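Trainee: A structural model of the following input is requested.
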Amino acid sequence: MLKFRRAILGLPVVFFVFFFESSVSAQCGPGKISRTVAGFGSILTENAAFSNGPFVLGAPNGNGANFSSSGQYIVIDLIDTVKAGETYSITWRQYPGQSGTSYLNWSESTDGSTFTVHPSSGIGTTNERYFNTDIVASTDTRYIRIFSNSTYDLSIDAISYSTVKCFSNPCGAGYTPRLISGTGYYTEQSFVSNPGNANYVPDGSGATFNSGSDRIVLSLQYAIPAGQTYNIIWRPTENNAQMRIRESQDGSSWTPVKFSSSSASSSVFLIHAETAGTDARFIEIIGANNSDFLLDGITFSAISCDPDAPDLDVDGNFEFCASPVSIAEGLTITDAADQIISSAYVMIGSGYVSSQDRLTFTTAYGITGNFNSNYGVLYLSGEATTSQYQSVLRSVVYNNISGSPTTGPRQIIFSLERYNPDTDHYYRYISNTGISWSNARIQADRTHLFGLQGYLVTVTSDSENDFLLYQMSGNTWIGGSDFFTNESDWYWMTGPEAGTMFWQGEEGGTPFGYANWNPGVEPNNYNGTDEVFAHIYASGSSNAGTWNDESANYSGSGYYVEFGDMPGDPEIDIRGTVSVNVVTGVPVNPAISGPVTVCPNATGQVYSTASVPGHNYFWEVSGGTISGGQGTNSITVNWGATNPGTVKVTESVGGACSVTTPDYSVFIGDIINPTITCPADVLNVPADAGQCYATGVALGSPTTADNCGVATVTNNAPAQFPVG
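Mentor: Next comes the predicted model:
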């Protein structure tokens, strides 16, 4: 079924929508474009909290900075500036066990030194579960100071925001300027302590560098175009600390080393803004001069110039008659830019029989692939142009490996992203061991597919749930949560379904839509832990496909991004469908046997081909008539006297699979030399046809015999006697 947008009223919090790309009406000036960016508090510039000050950084995860008495405070740098009238959100709670009301106080600043107390400061709560308070900025705000003026404890988990930024438009005609935002995660490292601390949204931790041989490579979700900037969040831990920086498009060819400025030891993290010297998909950070520093992460918001989406077209109806059949020779991908893509899918949809149906292709251009028989998916991967993918997709062949296949049609879908016909949406699985739900949500929201806005997947049917099991390498995050709502009120937080309740209660609770919790067990807040985010158990586990709730700091193995039905999505056409009708598993291969020479007017001559149950036979004869057997594998023919004759047969199955033999030629006539027989009293061997010779004996009349009958030859020649 199709997935539709839903709305709900009376929700206890305002849902924070993270990463869009849609343009807004900001005054950016000539040559500039506006885009909405979003993020989280990334740097703690002052820390006078009771405990865990850095826990306020990054995405909400259930861990917070704690305040216990008046005068305690922290200052958070958002990196971006939220303009007056725009919104940011504070995730907070009363620290458990308090008897009175805890109060949230905060002030705002543009420069980090002069702060203005917000008019709404002093909000009270007795809620001991984290929740969001949405705030309209009273002034342009990059720094937020949160402070306590009471003895009732509270905890601050995160600050999230969205704001309009102005960018230069580097794109020419035919290209769409698209916002790309993101962070990095490490793919390789040498001698770096705690390299995972450099992953995703900066959170005040940091990977440790203490020698010139320490290095780490961070992979970015998108390539930062050459000439645009990115931020390296780092903290020198000794004087004159430096970083060496290199960039790469492919992770193998690197730009020359660039050095950051030397910096004195710092008690807080700093921002190093770097301009990309190439289209940078990978950033390498290397120690320099044995100086010590911490690397907390890389963040970027840039403009990518994207060509129009490719247009994929393929159709056709084919029959499988026991022989592999090419099904996409006419496939086209129309793409003026011939852009580089990294994958394509061919999926057998309705009618699929996992033990029988197979898809193969011819490897080329570095494009490799494999067919997953459990799910009927041929997955092609490798960076190549759309024209090269067109060539490879044209080589796809359908085969059925059963001698007695399940007959009927198979729907086969070609697409440039995995497509689900039940929802009319696209899906992308991202394997990422160690990622939290909050970071998965951010990464999904920052993903796009030829202009379609991505979001952490929502699941609304059994068929969609089963569809997701393909590719999952471990427990996989989905977009459901009760973290931002009342305990055990489960809502979809993402996509068109954002704000839709689908479950209330723990195990044995009440469904308000589709849910697939592990029956009788989930959701359960196991061992008293506040488990607030939903994931799917991977295929291969005993609970495969069912859902579990997990805590905010649980590390998953990956997440699914879904595309479809988001506001502002363009119309794209990156898929096409063909149909293969499976008719028979026995080859249709008639071969005639029978006499190749016959006498004129011969009767009762039998011609046949192999008999295959369920196959049909139609015979055609010239030079004679069929006296019996039409419609079977064997006929009887009465021939005439005119040479030559022909026989052919058409073998078919259900009118779909049909093969006609070439003409089987039959010679009608006498082609054997006769045998001449002289009278019994003639002793000599006949000298020539029609004459017998004897000494002193009158010549008799010989007879001749051959395959077409016996005749008497009249001897009209005079008797001859040998010269003695």
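Trainee: Just the element for the closest residue to residue 351 other than its chain neighbours, please.
Mentor: Excluding the flanking residues, the one nearest residue 351 by Cβ to Cβ, 6 or more residues apart in numbering is residue 410, at 4.3 Å. Every C-beta, even on glycine, is put in place using the N, C-alpha and C of the backbone. In this assignment (DSSP states H and E), residue 410 forms part of strand 408-415.
Trainee: Roughly how far does the residue most central in space within the chain sit from residue 292?
Mentor: Taking Cα atoms, centre = their mean, the centroid of the chain lies closest to residue 418, which sits 3.8 Å from it. Distance of residue 418 to residue 292, given as Cβ to Cβ, to the nearest Å: 45 Å.
Trainee: Residue 567 too?
Mentor: 48 Å.
Trainee: If you count surrounding residues, which of those two has more?
Mentor: Remark: of residue 567 and residue 292, residue 292 carries more neighbours, 17 against 9, as counted by other Cβ atoms under 10 Å.
Trainee: thinking again about what came up before, hey, what's the residue nearest to the centre of the chain bridged with?
Mentor: Beta-bridge partners for residue 418, by DSSP bridges, are residue 427.
Trainee: OK, contacts around it?
Mentor: Neighbour list for residue 418: 345, 347, 377, 426, 427, 428, 429, 470 [criterion: Cβ atoms under 8 Å, 6 or more residues apart in numbering].
Trainee: Most neighbours out of those residues, which is it?
Mentor: Highest neighbour count within the contacts of residue 418, by other Cβ under 10 Å: residue 347, with 25 neighbours.
Trainee: Can you verify that residue is assigned to a helix?
Mentor: No: judged by DSSP: H, G, I helix; E, B strand; the rest coil, residue 347 forms no part of a helix; its state is strand.
Trainee: got the contact list for it?
Mentor: Neighbour list for residue 347: 375, 376, 377, 378, 412, 413, 415, 418, 419 [criterion: Cβ under 8 Å, 6+ apart].
Trainee: distance between the ends of stretch 455-462?
Mentor: In stretch 455-462, first residue to last residue: 20 Å (Cα to Cα, to the nearest Å).
Trainee: Residue 97: what secondary structure?
Mentor: Under three-state DSSP, the three-state class of residue 97 is coil.
Trainee: What is the neighbour count of it?
Mentor: Using other Cβ under 10 Å, residue 97 is surrounded by 7 other residues.
Trainee: Show the contacting residues for it.
Mentor: residue 128.
Trainee: That one and residue 126: what is the separation?
Mentor: Applying Cβ to Cβ, the value for residue 97 to residue 126 is 11 Å.
Trainee: same question, residue 238
Mentor: The gap separating residue 238 from residue 126 is 46 Å, by Cβ to Cβ.
Trainee: roughly how far apart are the residue lying closest to residue 415 once chain neighbours are set aside and residue 331?
Mentor: Among residues not flanking residue 415 along the chain, residue 575 sits closest, at 3.8 Å (Cβ to Cβ, 6+ apart). Between residue 575 and residue 331 the computed distance is 11 Å (Cβ to Cβ).
Trainee: so what's in contact with those two at the same time?
Mentor: With Cβ under 8 Å, 6+ apart, residue 575 and residue 331 have common neighbours 312, 414.
Trainee: follow-up on the earlier one: what packs against the strand holding residue 410?
Mentor: Packing partners of strand 408-415 (3 or more Cβ pairs under 8 Å, 6 or more residues apart in numbering; DSSP states H and E): strand 340-348, strand 575-584.
Trainee: Correct me if wrong: residue 283 contacts residue 182.
Mentor: No: the criterion here is Cβ atoms under 8 Å, and residue 283 misses it with residue 182 at 11.4 Å.
Trainee: Common neighbours of the two, please.
Mentor: Common contacts of residue 283 and residue 182 (Cβ under 8 Å, 6+ apart): residue 220.
Trainee: closest to residue 312 among the contacts of residue 347?
Mentor: Within the set of the contacts of residue 347, residue 415 lies nearest residue 312; the separation is 7.0 Å, counting by Cβ to Cβ.
Trainee: Please report the number of neighbouring residues for that closest one.
Mentor: Neighbours around residue 415, by other Cβ under 10 Å: 20.
Trainee: tell me the contacts of it?
Mentor: 312, 344, 345, 346, 347, 426, 574, 575, 576.
Trainee: Skipping adjacent residues, who's closest to the fourth one in space?
Mentor: If I follow you right, that is residue 346. Closest residue in space to residue 346, ignoring its immediate chain neighbours: residue 378 at 4.1 Å, by Cβ to Cβ, 6+ apart.
Trainee: quick one: residue 576 and residue 313 touch, right?
Mentor: Yes: in this structure residue 576 lies within contact range of residue 313 using Cβ under 8 Å: 5.4 Å.
Trainee: shared neighbours, those two?
Mentor: residue 331.
Trainee: Those two - which one has more neighbours?
Mentor: Neighbour count, other Cβ under 10 Å: between residue 576 and residue 313, residue 576 has more, with 21 against 13.
Trainee: any idea how far that one is from residue 316?
Mentor: According to Cβ to Cβ, residue 576 stands 9 Å off from residue 316.
Trainee: average model confidence for stretch 664-676?
Mentor: Average pLDDT, stretch 664-676: 81.
Trainee: Strands of the stretch 51-200 of the chain, start to end?
Mentor: All strands of the stretch 51-200 of the chain, identified by DSSP state E, counting those that start in this stretch, fall at 65-67, 73-82, 87-94, 102-109, 116-117, 123-125, 131-136, 141-147, 154-168, 175-190.
Trainee: Just say which of those strands is most tucked in.
Mentor: Across the strands of the stretch 51-200 of the chain, averaging neighbours per residue (mean count of other Cβ atoms under 10 Å) puts strand 65-67 on top, at a mean of 26.
Trainee: List the contacts of that one.
Mentor: Strand 65-67 is touched from outside by 49-56, 73-74, 95, 146-148, 153-156, with contacts defined as Cβ under 8 Å, 6+ apart.
Trainee: Burial check on the closest residue to residue 190 other than its chain neighbours, number of neighbours?
Mentor: Spatial nearest neighbour of residue 190, chain neighbours left out: residue 215 (5.0 Å); criterion: Cβ to Cβ, 6+ apart. By the criterion of other Cβ under 10 Å, residue 215 has 18 neighbours.
Trainee: what pairs with residue 215 across the strands?
Mentor: Here residue 215 sits in beta bridges with residue 190, residue 286, going by DSSP bridges.
Trainee: mind listing what it touches?
Mentor: Residue 215 is in contact with 189, 190, 191, 192, 284, 285, 286, 287, counting by Cβ under 8 Å, 6+ apart.
Trainee: What's the per-residue pLDDT of the fifth one here?
Mentor: According to the prediction, residue 284 has pLDDT 98.
Trainee: Distance of residue 229 relative to residue 303?
Mentor: In this view, residue 229 and residue 303 are 11 Å apart by Cβ to Cβ.
Trainee: and these two? which has more neighbours close in?
Mentor: It is residue 303, of residue 229 and residue 303, that has more neighbours when counted by other Cβ under 10 Å, with 20 against 12.
Trainee: what comes up buried for the helix or strand where that one lies?
Mentor: Assigned by DSSP H and E, residue 303 belongs to strand 293-307. By neighbour count on 16 or more other Cβ atoms under 10 Å, the buried set for strand 293-307 is 293-304, 306-307.
Trainee: Who are the packing partners of the following helix or strand past it?
Mentor: Going down the chain from strand 293-307, the next helix or strand is strand 311-313, by DSSP H and E. Judged by 3+ Cβ pairs under 8 Å, 6+ apart, the packing partners of strand 311-313 are strand 332-334, strand 575-584.
Trainee: now the ones you listed as JSON lines including distance to residue 63 and mean pLDDT?
Mentor: Output for the helices and strands packed on strand 311-313, formatted as JSON lines (distance: least, Cβ to Cβ, whole Å; pLDDT from 0 to 100):
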{"stretch": "strand 332-334", "distance to residue 63": "47", "mean pLDDT": "98"}
{"stretch": "strand 575-584", "distance to residue 63": "43", "mean pLDDT": "96"}
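Trainee: So which of these is the most surrounded?
Mentor: Highest mean neighbour count among the helices and strands packed on strand 311-313 (mean count of other Cβ under 10 Å): strand 575-584, with a mean of 20.
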